[in-house]
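**Q** Next comes the sequence, and after it the predicted model I'd like to discuss.
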Amino acid sequence: MILDITPKEVKFYGQDLAITDSVNKKFGMNSSYTDMSGQVVKRKINSSDHENYINIKQGYYSFKTTDKITWIISDDTKKVDNYTLQKAATKFGGRSWTAWFCKDIPFNEGPFKFRGLPGLIFELSDDKNNFIYTLTKSQKLMEVYSTQNFVESSFGNKAVPINEKQKYKLIMEFYNDPFAFERNNFSKTNTGLKININGKEIRTVDELNTQTKSMQEVIRKYNNPIEIDKVVHYPVY
């Protein structure tokens, strides 16, 4: 993931998004990449108001949240390379978090929505180690890198603003019928249509229903969003 701090905004997005965009620009290509981390966000400098970006089905959407974080700063310190890091703790998104920040780097920013400490966050993890962030590289660019192709839009698909109710509806529509497009094709033809899903050839609606059940199991198995207090409770049919 990349923490992109500019004079006016802070953005957090996957490195693969930036790489795909860079390759497209360099070679005149039109490749795309779908980020499924659920962690692509943008905020103004010194703000806790976020624009969140998410892929659902074949669409790309944005929704707003306000995410204020209250830190408890400890006296504990440790050395990492030539930097002295100080410990802080918080509760956010239904998880307990520990951060190590550096007062010598005067940015009160960090991964995802974590900000507000008197220095850049170098390390961040939840108490179950489901999410671990470690600063591995810092780079100063001569100019602001445009993210219009992969944050504010998804390689040609501009983010559609939605609210929480609309987001939930879209998520459940996908869960209930993740292969709706393929199912529609089956209903339109009786000419021996064959569809390839995850390397498996699907010839009948019954086979498609089996794949739907399998996909729903996968969705439930990996249903572990960073903000666990907003988790979607999927039904089992």
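**A** Okay, I see it. Numbering: from 1, shown residues only.
**Q** In CSV, list the C-alpha atoms belonging to the helix or strand where Asn185 lies.
**A** Taking DSSP states H and E as the criterion, Asn185 maps to helix 180-188. Output of helix 180-188 as CSV, limited to C-alpha atoms (Å, rounded to 0.1, in the frame of the first residue of the first chain):
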residue,chain,number,x,y,z
ALA,A,180,-25.9,-12.6,-12.4
PHE,A,181,-24.5,-11.6,-15.7
GLU,A,182,-23.7,-15.2,-16.6
ARG,A,183,-27.1,-16.4,-15.4
ASN,A,184,-28.7,-13.8,-17.7
ASN,A,185,-26.8,-15.2,-20.6
PHE,A,186,-28.1,-18.7,-19.8
SER,A,187,-31.7,-17.5,-19.8
LYS,A,188,-31.3,-15.9,-23.2
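**Q** Show the subsequent helix or strand relative to it.
**A** Where DSSP H and E defines the elements, the next helix or strand beyond helix 180-188 is strand 195-197.
**Q** what lines up beside that following strand in the sheet?
**A** According to DSSP bridges, strand 195-197 forms sheet pairs with strand 200-202 (antiparallel).
**Q** Report the mean confidence score over the strand it pairs with.
**A** Average pLDDT, strand 200-202: 84.
**Q** likewise stretch 228-237?
**A** Stretch 228-237 comes out at a mean pLDDT of 95.
**Q** which helices and strands does the top helix by length along the chain pack with?
**A** Secondary structure of the chain per DSSP state H: the longest helix is helix 205-221. Helix 205-221 sits against helix 180-188, strand 195-197, strand 200-202, with contacts defined as 3 or more CB pairs under 8 Å, 6 or more residues apart in numbering; DSSP states H and E. The C-beta positions use only the backbone N, C-alpha and C, and glycine is treated the same way.
**Q** mind redoing it with 10 Å?
**A** Applying 3 or more CB pairs under 10 Å, 6 or more residues apart in numbering; DSSP states H and E, one finds that helix 205-221 contacts helix 164-176, helix 180-188, strand 195-197, strand 200-202.
**Q** hmm, who's touching that helix?
**A** Helix 205-221 is contacted from outside by 171, 174-180, 182-183, 185-187, 195, 197-198, 200-202, 204, 232-237, using CB atoms under 10 Å, 6 or more residues apart in numbering.
**Q** same thing with stretch 168-175?
**A** 54, 56-59, 61, 160, 162-163, 180, 212, 215-216, 219-220, 223, 230, 232, 234-235, 237.
**Q** again, only using 7 Å
**A** Ile56, Lys57, Gln216, Ile219, Val232, Tyr234 (CB atoms under 7 Å, 6 or more residues apart in numbering).
**Q** Then stretch 144-159?
**A** Under CB under 7 Å, 6+ apart, the answer for stretch 144-159 is 6, 11, 13, 17-18, 20-21, 32, 40, 42, 53, 55, 60-62.
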